[in-house]
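Chemist: Pasting the sequence and the predicted coordinates here, then a few questions.
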Amino acid sequence: MHSVEVSGLRIGYQREGQGPPLVLLHGAYEDSRIWRQQLEGLSKEFTVIAWDAPGCGRSDDPPPDFSGRELGDALAGFLHEVAPRKPHVLGLSWGSGVALELYRSHPNMVASLLLVSAYAGWAGSLPPEEVERRYAQIQAELDQAPEQFIPAWLPTLFTARADPAIVEEASAIMADFHPAGMRALLNASGHADYRDVLPTISVPTLLLYGEEDVRSPLAVAEEMHRQIPGSKLVVIPDVGHLAAAETPEAFNTEVRRFLHSIGD
């Protein structure tokens, strides 16, 4: 692990390989370890940089009143410190919202966007009652032990065909969440709406979804595709929300194909 200080916060990250920089942003309850198979599989062609978001992994917890804009600014500061040139930014699930927050305030910092199992923020992609259900669910979970709630998450992240060892690996990563950090991030992002950002995106954009994703269903993918000019939508068959972990070869192939198609 490496670390840098950004806006008074220590940010941990992993870095592998050489080549054009590809920055990976994990989802909620996760950290950079969720990208193990991308750090291994893509580092022969890219400088793969996977951060621990503020409040996750080996990074410091942000203050309780941390805002979405401050989160985007933290990512901008992180990129300034670690990316050797304008990077490709890949955001998974909640991490896709962080990527959009970055683009809202710092559109010139990215070479391309890869939005995986993505939302335009929960409030930008889901019905209001579902937004409130998810928000309340996570608020309640933050007062519980991981073993009480993580088993209920796993069937929404993986299909029944997923390798049990991969599911167990993800479960162990999620169990290491920071309660205070997650609470701050939920307050910052839980009601985010990035629908206004989507039509402004002018960099090459890949939308990558699992066919059987129940958290970011294909209706969400299709609306994101409709709103982002010139975006490319790819659906990986027979996989769920965490396609990068469940079917890493197919996932890495699509990432490579997209980046090579735009000249890396």
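Modeler: Good, I have the coordinates. Numbering: from 1, shown residues only.

Chemist: Quick check on the residue nearest to Pro62 when sequence neighbours are not counted: phi, psi?
Modeler: On the basis of CB to CB, 6 or more residues apart in numbering, the spatially nearest residue to Pro62 that is not a chain neighbour turns out to be Pro54, at 4.3 Å. C-betas here are computed from N, CA, C, even on glycine. When read as degrees, to the nearest 10, the backbone of Pro54 gives phi -50, psi 130.

Chemist: Could you report the pLDDT at Pro54?
Modeler: Looking at Pro54, its pLDDT stands at 97.

Chemist: Relative to Lys86, how far out is it?
Modeler: Distance, Pro54 to Lys86, using CB to CB, to the nearest Å: 22 Å.

Chemist: Of those two, give the one with the bigger neighbour count.
Modeler: Counting neighbours by other CB atoms under 10 Å for Pro54 and for Lys86 shows that Pro54 has the greater number, 29 against 15.

Chemist: Return the residues in contact with that one.
Modeler: Listed by CB atoms under 8 Å, 6 or more residues apart in numbering, the contact set of Pro54 reads Leu9, Ile11, Asp60, Asp61, Pro62, Phe66, Leu71, Ala74, Gly181, Ala184, Leu185.

Chemist: can you give me the helices in the stretch 51-200 of the chain?
Modeler: Ranges of helices in the stretch 51-200 of the chain, per DSSP state H, counting those that start in this stretch, are 68-82, 94-105, 122-125, 128-141, 146-157, 164-175, 179-189.

Chemist: contact partners of the third one?
Modeler: This means helix 122-125. With contacts defined as CB under 8 Å, 6+ apart, helix 122-125 is touched by 119, 130-131, 134-135, 190-195, 216, 220, 223-224.

Chemist: Please convert the buried members of the residues you listed into PyMOL selection syntax.
Modeler: Buried members of the contacts of helix 122-125, defined by 16 or more other CB atoms under 10 Å, are picked up in PyMOL with:
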select buried, resi 119+131+134+135+190+191+192+193+194+216+220+223+224
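
Chemist: low-confidence ranges in this structure?
Modeler: Scanning the chain for pLDDT under 70 picks out the ranges 264.

Chemist: if we can go back for a sec, now render the contacts of Pro54 as TSV, adding distance to Val98.
Modeler: TSV is the format used below for the contacts of Pro54 (distance: CB to CB, whole Å):
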residue	distance to Val98
Leu9	14
Ile11	12
Asp60	16
Asp61	16
Pro62	12
Phe66	12
Leu71	6
Ala74	9
Gly181	14
Ala184	13
Leu185	9
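
Chemist: Same question for the top strand by length along the chain: list its buried residues.
Modeler: As far as residue count goes, and with DSSP state E defining each element, the longest strand of the chain is strand 9-16. Going by neighbour count (16+ other CB under 10 Å), the buried part of strand 9-16 is Leu9, Ile11, Gly12, Tyr13, Gln14, Arg15, Glu16.

Chemist: From Ile228, how far off is the third one?
Modeler: With distances taken as CB to CB, Gly12 is found 30 Å from Ile228.

Chemist: again with the fourth one
Modeler: Per CB to CB, Tyr13 is found 27 Å from Ile228.

Chemist: And the fifth one, by the same measure?
Modeler: Distance of Gln14 to Ile228, given as CB to CB: 28 Å.

Chemist: try Gly41
Modeler: Note on Gly41: its distance to Ile228, by CB to CB, is 26 Å.

Chemist: More neighbours: the two, which one.
Modeler: Neighbours around Gly41 and Ile228, counted as other CB under 10 Å, are more numerous at Ile228. The numbers are 25 against 20.

Chemist: For that one, grab phi and psi.
Modeler: Backbone torsions for Ile228, taken as degrees, to the nearest 10, come to phi -100, psi 110.
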